[in-house]
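Peer 1: here you go, sequence then predicted model.
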Amino acid sequence: MLQIDRWKRILILGICLLGLLYAMPNAFYARVEAHNDAMARIEATGVTTPELQAAAEGWPNWLPSSLVNLGLDLRGGAHLLAEVQVEQVYKGRVDAIWPELRRALAAERETVGAIRRVEAPEGVLAVEIGNPDQMARALDIARSFSTPVTTLTGAGQQSLAIASDGAVMRIQLSDAEKALTDDRTIQQSLEIIRRRVDEVGTREPTIMRQGEDRILIQVPGIGSADELKALIGTTAQLTFNPVLGSTSDPEAAPGVGQIIAPSLDNPGLYYILEDSPVVTGDDLVDAMPGTDENGQPSVNFRFNPTGARAFGAYTSANIGQPFAIVLDNEVISAPVIRSAITTGSGQISGSMNFDQASQLAILLRAGALPAELEFLEERTVGPELGQDSIDAGKVAASVGFAAVILLVVMSYGIFGVFASIALAVNMAILFALLSVIGATLTLPGIAGIVLTIGMAVDANVLVFERIREELRTAKGPARAIELGYEKAMSAIVDANITTLIVAAILFVLGSGPVKGFAVTLSLGIITSVFTALFVTRLLTILWFERARPKTIEV
């Protein structure tokens with residue numbers, strides 16, 4: 001009997017309507033994109049301007065707002081290849097040992113004598129002791145700060161390489177620890193760059209490791225490579241350092257364990273700071289833009305319990321003394337500690353506008369890059385090039401769509417009309433799926449869509465030819481249609497499963513453009529099978545129930 005249960009009809013129609021609903025935002029791409037970007041910025045910064053409010057109201061919140069993400073080759077954007085300066089991390093790791101090592105050696109002062117840090121190459125900690133004949137004891141104390149390396153290649157090695165020369169002990173990272181640190185630094189840089197880009201609402205960036213110490217960054221929709229560099233190139237290393245003094249001479253030589261940093265608010269003023277910070281930005285758990293007591297832009301921050309305890313202990317012991325808030329080796333401000341700050345929260349204010357405060361909050365929330373990035377290659381892909389590709393893709397898809405419709409209608413009459421309607425529904429559901437899953441559409445992806453249009457009617461052709469064969473055996477129209485769908489089912493499923501397997505292999509083993517092609521091809525196969533086996537069949541049954549033809553021609 002040629003029929004479909006009512007609940008199945010409702011389900012099929014519901015899927016088609018949902019497909020049309022979720023594909024609809026792509027017909028108003030610019031308006032919906034402006035709405036999404038405005039909502040993302042408002043949520044990230046907490047600041048609402050009239051322009052952002054107008055853009056946010058340009059699309060109703062109760063309608064779907066998921067869009068097909070356009071890749072760099074279609075939308076334009078920025079391309080950067082950055083090299084991570086991993087050597088900087090070695091210095092930071094070694095410098096972090098000095099405060100604890102100094103306390104441990106000071107506790108053994110009667111044995112090892114007086115201690116002081118002396119000049120050494122970057123990444124090396126050199127400590128001179130007063131009693132060279134007790135160097136063995138000093139080395140034992142230093143070795144207590146070394147830990148076993150936990151990688152297979154570094155098994156049996158220690159994290160620190162410690163040696164002595166007369167009265168001087170030299171400490172640096174071992175080769176195995178450097179290799180482990182390099183890998184950790186690259187992974188951390190990848191994650192922080194991804195968080196920074198995601199914070200500003202940019203969709204589907206490509207951020208991946210290349211080689212040993214390089215990172216490829218491609219961000220669609222961003223204005224220029226310089227804009228992208230400004231967002232991710234800042235290390236955003238926030239520290240709170242004790243102030244030892246100030247000078248107007250930028251060439252002044254700091255003492256061992258000290259640094260000189262310029263003042264951001266007072267040009268020509270330079271602060272002499274302890275190199276070892278009291279607290280770092282690693283202890284921050286939140287940072288939000290706001291205003292200070294004078295209504296000026298500021299950034300409010302909050303420490304985790306560890307940072308709050310360290311900051312509270314330092315401010316309690318140094319009331320009346322200045323301390324510096326340092327961002328990327330520049331002193332943002334150097335307030336005097338008026339009272340103990342034990343709440344774990346504080347405020348950064350100074351010469352910044354609201355946009356700069358929002359940007360600083362984003363950087364601090366995302367975390368500090370462990371090392372600086374050196375940009376080896378930068379390109380800006382103009383959106384007009386992508387628009388040309390989109391226009392060419394539209395022409396190709398339109399021509400293919402029209403040609404397929406013309407062919408099936410001329411070949412199969414009313415059944416060809418049903419196949420053409422199903423093809424339109426197929427495209428809507430395909431774009432709905434691409435929008436919902438957040439897939440990135442690239443130029444090869446457009447090729448996959450055009451190929452899907454050509455392949456979509458294959459299943460219908462198999463069904464219609466099977467119906468023709470059944471009609472030749474003098475079966476009635478209803479029975480011929482029913483048998484046509486039943487007997488063509490296995491051939492349709494087998495043919496599409498093999499293609500789907502190939503598409504899955506392309507997705508797993510391929511990269512970049514190949515993956516984009518595989519995604520659209522895979523989704524196109526799924527939607528094509530659904531529309532061929534269910535949508536065209538439902539349309540045929542609805543027509544048959546209404547027209548009740550005695551004979552049919554296919």
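Peer 2: Noted; the coordinates are in hand.

Peer 1: name the nearest residue to Ala447, sequence neighbours excluded.
Peer 2: Taking Cβ to Cβ, 6 or more residues apart in numbering as the measure, Ala447 lies nearest to Phe517, with 6.2 Å between them; neighbours along the chain are not counted. (Each C-beta comes from the backbone N, C-alpha and C, glycine too.)

Peer 1: chain center to the host helix or strand of that neighbour: distance?
Peer 2: Using DSSP states H and E, Phe517 falls within helix 513-530. In terms of Cα atoms, centre = their mean, to the nearest Å, the gap separating the centre of helix 513-530 from the centre of its chain is 24 Å.

Peer 1: picking that back up, confidence score at the residue nearest to Ala447?
Peer 2: Reading off the confidence values, Phe517 has pLDDT 84.

Peer 1: before we move on, what about Val149?
Peer 2: At Val149, the predicted lDDT confidence score is 76.

Peer 1: from Arg93, how far out is it?
Peer 2: 13 Å (Cβ to Cβ, to the nearest Å).

Peer 1: next: Ile192.
Peer 2: Summarising the geometry, the distance separating Ile192 from Arg93, computed by Cβ to Cβ, is 18 Å.

Peer 1: so what's Val168 bridging to?
Peer 2: In this structure, Val168 has beta-bridge partners Glu128, Asp165, where bridges are defined by DSSP bridges.

Peer 1: identify the residues contacting it.
Peer 2: For Val168, the contacting residues are 118, 126-128, by Cβ atoms under 8 Å, 6 or more residues apart in numbering.

Peer 1: which one of those is nearest Phe415?
Peer 2: For Phe415, the nearest member of these is Ala126. The distance, counting by Cβ to Cβ, is 86.5 Å.

Peer 1: distance of the nearest residue to the closest one once chain neighbours are set aside from Ile171?
Peer 2: Distances taken as Cβ to Cβ, 6+ apart put Ala120 closest to Ala126, at 3.5 Å, once the chain neighbours are dropped. In this structure, Ala120 and Ile171 are 9 Å apart, going by Cβ to Cβ.

Peer 1: in this structure, which helix or strand is least confident?
Peer 2: In the chain, no helix or strand scores lower on mean pLDDT, DSSP states H and E than helix 354-366, which sits at a mean of 69.

Peer 1: how about the strands of the stretch 351-500 of the chain, start to end?
Peer 2: Shown for the stretch 351-500 of the chain, the strands assigned by DSSP state E, counting those that start in this stretch span residues 373-381, 440-441.

Peer 1: residue nearest the middle of this protein, spatially speaking?
Peer 2: In the chain, the C-alpha closest to the average C-alpha coordinate belongs to Arg194, at a distance of 3.5 Å (Cα atoms, centre = their mean).

Peer 1: for the nearest residue in space to it that is not next to it in sequence, pull up the helix or strand it's in.
Peer 2: Taking Cβ to Cβ, 6+ apart as the measure, Arg194 lies nearest to Ile207, with 5.1 Å between them; neighbours along the chain are not counted. Assessed by DSSP H and E, Ile207 sits inside strand 206-210.

Peer 1: that strand: what's the following helix or strand?
Peer 2: Scanning forward in sequence from strand 206-210 by DSSP H and E, the next helix or strand is strand 214-220.
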